[in-house]
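Engineer: Sharing a model that was predicted from the sequence below.
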Number of protein chains: 2
Amino acid sequence: MSTGEIGSTLRQPVFADWMRRAQEQTESALGRFLPSAKAIPYRLNQAMRYATLNGGKRIRPLLVFAAGDLTGAPTHRLETVACAVEMIHSYSLVHDDLPCMDDDVLRRGRPTCHVEYDQATALLVGDSLQSLAFELLAREDLGKQQLVMLRLLAVASGSCGMAGGQAIDLESVGRHLDLPELELMHALKTGALIRASVLLGAHCGEELSATEYIALDRFAKRAGLLFQVVDDILDCTASTATLGKTAGKDAAADKPTYVSLLGLEQARSFAADLKQQALESLAGFGEQARRLAELTEFITQRKF
Amino acid sequence: MSTGEIGSTLRQPVFADWMRRAQEQTESALGRFLPSAKAIPYRLNQAMRYATLNGGKRIRPLLVFAAGDLTGAPTHRLETVACAVEMIHSYSLVHDDLPCMDDDVLRRGRPTCHVEYDQATALLVGDSLQSLAFELLAREDLGKQQLVMLRLLAVASGSCGMAGGQAIDLESVGRHLDLPELELMHALKTGALIRASVLLGAHCGEELSATEYIALDRFAKRAGLLFQVVDDILDCTASTATLGKTAGKDAAADKPTYVSLLGLEQARSFAADLKQQALESLAGFGEQARRLAELTEFITQRKF
């Protein structure tokens, strides 16, 4: 393994360098795994690339790579898994932005997929990215846990995971949710895929003990919720230009958020508690959990 | 294996009885595999059941069961695979019926999913059915070929398969397609999943020889194209009441079909040729291919 690769422990680059390299590695692998823009069907393939290769933060791939450090996972497996979870995430953004859902025109500072192409193409882009994610997880040799990994991603994506959370979100508009209901919605809507990213990354290497797996799962759940609380705070404090997507949408749509339920200051203090709990769950892993801990800080402090 | 189960060769029921039993078995297994209507998120789960448990012809599950006869496949595996391909098919119908695609209000004699529920829910129904299909294929023990089977279904569903065919279809409206272009579109749009159903059914049992696999693949491709040619003929000859979906839509939308390209009589003769080729491909399998041959007749003669 060269020192330039993610997962190397020979020379630990500082976090910012590690993150930039992991993001570049993800971008390059996505480019290879996505269908060529020069192949039939041209428009669909181009739109799939447009919707995916747009310099997102790649939080979920970063979690995959960081969790792979815990189990000495090979880089090529982590790349495949990172791309699969990012494709699921990208598909969900494309479908969420459609007029019948959030009806948004801006994503990562560019026109959303259905604005740049058309709604029918955007629908098929999401559908095809989901298929491709599962194809990737079934294509490469990912070791003994491969079927477990496929199930994990499928459950995290479907009606008991991301899509289910989206459905609860739809039903909640204009309604009062209490805190446990809001937490369930987010545990599914964003939490499930973030949790899956962490667990899938770890599954790429040596098997964890039961105790380690439980601790990592606890970390993953806390990190997922933290991500969402910070998202809610940013939605009401950051500008559209900084976010690269329309700010203040949730408040405008009368959607329940941690800020609307707790107020801004209490939401910030809740985020600080979640970060602390997430970091404590990593205590047993020592130095191998360094990137996961740094990512937790990054998720807490991010400005967009 | 009891004589009431599909796949039994002890007492061969007549085709109509075999088909009815396989359809009931599929319906019952789908009911078990789909999320409960009494579980959260209620509306999504109810809509998933509405869109799937609607007495479709279950052609793809029938192909799975019939192909399983070739390799002595266990019934429980065939049930799982039959439900997975039917969920992919059901998701594609829900998305195809959306206003941004075919904008259809009638499906199997009932309001389409987005009419009965709403567009956002229908979008999530399709997304969740796709995830559930892959979860099923990864959940049960399907034998040594399981990863191959997962890849097969993923490729058949995505941009190189069903969704890709749909994209070509979108681009073809109002344009002249020649016969090879029309065949490519249909090979992807409907052919890919029909082919996958046949191959997946066979993969549930003993491994086929290379020669047998090639013959079965040839059958599966011919059967898929035959299904579409018959569909085109029915679209212009049957009534909306008989079809349970809006008749004459393709002609009205100026979509290229086998009838518009070849004329009705030549389309019928093309269907007869395809049926003959399909049946010839089964010659080497003898009595074990009986159900596949009967299904080929059924596909050719169906009136809806």
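Structural biologist: Cool, got the structure.
Engineer: quick one: average confidence on stretch A:63-74?
Structural biologist: Mean pLDDT, computed over stretch A:63-74, is 98.
Engineer: Name the residues of it that are buried.
Structural biologist: A:Leu63, A:Val64, A:Phe65, A:Ala66, A:Ala67, A:Gly68, A:Asp69, A:Leu70, A:Thr71, A:Ala73, A:Pro74 (16 or more other CB atoms under 10 Å in any protein chain shown). In this view, the C-beta of every residue, glycine as well, is placed from N, C-alpha and C.
Engineer: Which members of those residues are the farthest-apart pair?
Structural biologist: Farthest apart among the buried residues of stretch A:63-74 by CB to CB are A:Leu63 and A:Pro74. That separation is 17.1 Å.
Engineer: quick revisit: out of the buried residues of stretch A:63-74, who's near chain B?
Structural biologist: The subset of the buried residues of stretch A:63-74 lying close to chain B, counting by CB under 8 Å from any CB of the partner chain, is empty.
Engineer: Tell me the pLDDT of the residue lying farthest from the centre of chain A.
Structural biologist: In chain A, the residue that sits farthest from the middle, by CA atoms, centre = their mean, is A:Ile40; the gap is 29.3 Å. Here, the pLDDT recorded for A:Ile40 equals 93.
Engineer: residues near the spatially closest residue to it that is not a sequence neighbour, how many?
Structural biologist: Of all residues not flanking A:Ile40 in the chain, B:Ile168 sits nearest, at 7.1 Å (CB to CB, 6 or more residues apart in numbering or on different chains). Residue crowding around B:Ile168 was assessed by other CB atoms under 10 Å in any protein chain shown; the count is 22.
Engineer: Ramachandran angles for A:Pro41?
Structural biologist: Backbone torsions for A:Pro41, taken as degrees, to the nearest 10, come to phi -80, psi 120.
Engineer: tell me the contacts of it?
Structural biologist: By CB atoms under 8 Å, 6 or more residues apart in numbering or on different chains, the contact list for A:Pro41 reads B:Ser159, B:Gly164, B:Ala167, B:Ile168, B:Glu171.
Engineer: the helices in the stretch 151-300 of chain A, which residues?
Structural biologist: With DSSP state H, counting those that start in this stretch applied, the stretch 151-300 of chain A shows helices at A:162-172, A:179-186, A:192-203, A:210-237, A:240-243, A:249-252, A:258-262, A:264-281, A:290-301, listed in chain order.
Engineer: Need the winner for burial among those.
Structural biologist: helix A:192-203 (a mean of 27; mean count of other CB atoms under 10 Å in any protein chain shown).
Engineer: So for that helix, mean pLDDT?
Structural biologist: Mean per-residue pLDDT for helix A:192-203: 98.
Engineer: Centre of the chain to that helix, how far?
Structural biologist: Relative to the centre of its chain, helix A:192-203 is centred 9 Å away, using CA atoms, centre = their mean, to the nearest Å.
Engineer: which helices and strands sit right next to it?
Structural biologist: helix A:59-68, helix A:75-96, helix A:146-157, helix A:162-172, helix A:210-237 (3 or more CB pairs under 8 Å, 6 or more residues apart in numbering or on different chains; DSSP states H and E).
Engineer: Could you rerun that using 10 Å?
Structural biologist: Packing partners of helix A:192-203 (3 or more CB pairs under 10 Å, 6 or more residues apart in numbering or on different chains; DSSP states H and E): helix A:59-68, helix A:75-96, helix A:146-157, helix A:162-172, helix A:210-237, helix A:290-301.
Engineer: what's the pLDDT at the residue nearest to the spatial centre of chain A?
Structural biologist: Nearest residue to the geometric centre of chain A (CA atoms, centre = their mean): A:Arg60, 3.6 Å. pLDDT, A:Arg60: 98.
Engineer: again, but for A:Leu225
Structural biologist: 95.
Engineer: and A:Glu79, what is it in contact with?
Structural biologist: Residues near A:Glu79 by CB atoms under 10 Å, 6 or more residues apart in numbering or on different chains: A:6, A:22, A:25-26, A:28-30, A:32-33, A:61, A:64-65, A:68, A:136, A:140, A:204.
Engineer: Next: A:Ser159.
Structural biologist: Contacts of A:Ser159 by CB under 10 Å, 6+ apart are A:165-167, A:188, B:34-35, B:39-41, B:44-45, B:47-48, B:124-125, B:127-129, B:131-132, B:135.
Engineer: And the buried ones among those residues, selectable in PyMOL?
Structural biologist: Those of these that count as buried under 16+ other CB under 10 Å are selected in PyMOL with:
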select buried, (chain A and resi 165+166+167+188) or (chain B and resi 34+35+40+41+44+45+47+48+124+125+127+128+129+131+132+135)
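Engineer: Out of the contacts of A:Ser159, which sit inside helices?
Structural biologist: A:165-167, B:44-45, B:47-48, B:124-125, B:127-129, B:131-132, B:135 (DSSP state H).
Engineer: which one of the buried residues of stretch A:63-74 is nearest A:Val105?
Structural biologist: Closest approach between those and A:Val105, by CB to CB: A:Leu63, at 28.7 Å.
Engineer: Quick check: chain neighbours aside, which residue is closest to the closest one?
Structural biologist: A:Ser197 (4.2 Å).
Engineer: burial of the residue nearest to A:Glu294 when sequence neighbours are not counted, as a residue count?
Structural biologist: Leaving aside its sequence neighbours, A:Glu294 sits nearest to A:Phe15 (CB to CB, 6+ apart; 4.4 Å). Using other CB under 10 Å, A:Phe15 has 15 neighbouring residues.
Engineer: I'd say A:Phe15 and A:Leu292 touch.
Structural biologist: No: when contacts are counted by CB atoms under 10 Å, A:Phe15 is not listed as touching A:Leu292 (11.2 Å).
Engineer: ok, and the closest non-adjacent residue to A:Glu297?
Structural biologist: Closest residue in space to A:Glu297, ignoring its immediate chain neighbours: A:Lys275 at 7.5 Å, by CB to CB, 6+ apart.
Engineer: Output the below-cut-off pLDDT ranges for chain A.
Structural biologist: Along chain A, segments meeting pLDDT under 70 span A:1-12, A:239-253, A:304.
Engineer: switch to 90 and redo it
Structural biologist: A:1-13, A:54-56, A:108-109, A:140, A:171-179, A:181, A:235-257, A:260-261, A:302-304 (pLDDT under 90).
Engineer: centre of the chain versus the helix or strand A:Arg20 falls within, how much separation?
Structural biologist: According to DSSP states H and E, A:Arg20 maps onto helix A:15-33. Centroid separation for helix A:15-33 versus its chain: 14 Å, with CA atoms, centre = their mean.
Engineer: Over to stretch A:86-100?
Structural biologist: 12 Å.
Engineer: For that stretch, C-alpha coordinates in CSV please.
Structural biologist: C-alpha atoms of stretch A:86-100 as CSV (Å, rounded to 0.1, in the frame of the first residue of the first chain):
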residue,chain,number,x,y,z
GLU,A,86,-22.8,7.6,-2.5
MET,A,87,-24.9,6.4,-5.4
ILE,A,88,-27.8,5.6,-3.1
HIS,A,89,-27.4,9.1,-1.6
SER,A,90,-27.2,10.8,-5.0
TYR,A,91,-30.3,9.0,-6.2
SER,A,92,-32.2,10.1,-3.1
LEU,A,93,-31.2,13.7,-3.7
VAL,A,94,-32.4,13.6,-7.4
HIS,A,95,-35.8,12.1,-6.4
ASP,A,96,-36.2,14.4,-3.3
ASP,A,97,-35.6,17.5,-5.5
LEU,A,98,-38.4,16.5,-8.0
PRO,A,99,-41.5,18.9,-8.1
CYS,A,100,-43.7,16.2,-6.5
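Engineer: how about that stretch, does it reach chain B?
Structural biologist: Yes: residues of stretch A:86-100 contacting chain B under CB under 10 Å from any CB of the partner chain: A:Ile88, A:Tyr91, A:Ser92, A:His95, A:Asp96, A:Leu98, A:Pro99, A:Cys100.
Engineer: And the furthest pair within those residues?
Structural biologist: By the measure CB to CB, A:Ile88 and A:Pro99 form the most distant pair in those, at 21.9 Å.
Engineer: between those two, which one's more packed in?
Structural biologist: Counted by other CB under 10 Å, A:Ile88 and A:Pro99 do not tie: A:Ile88 has more neighbours, with 26 against 17.
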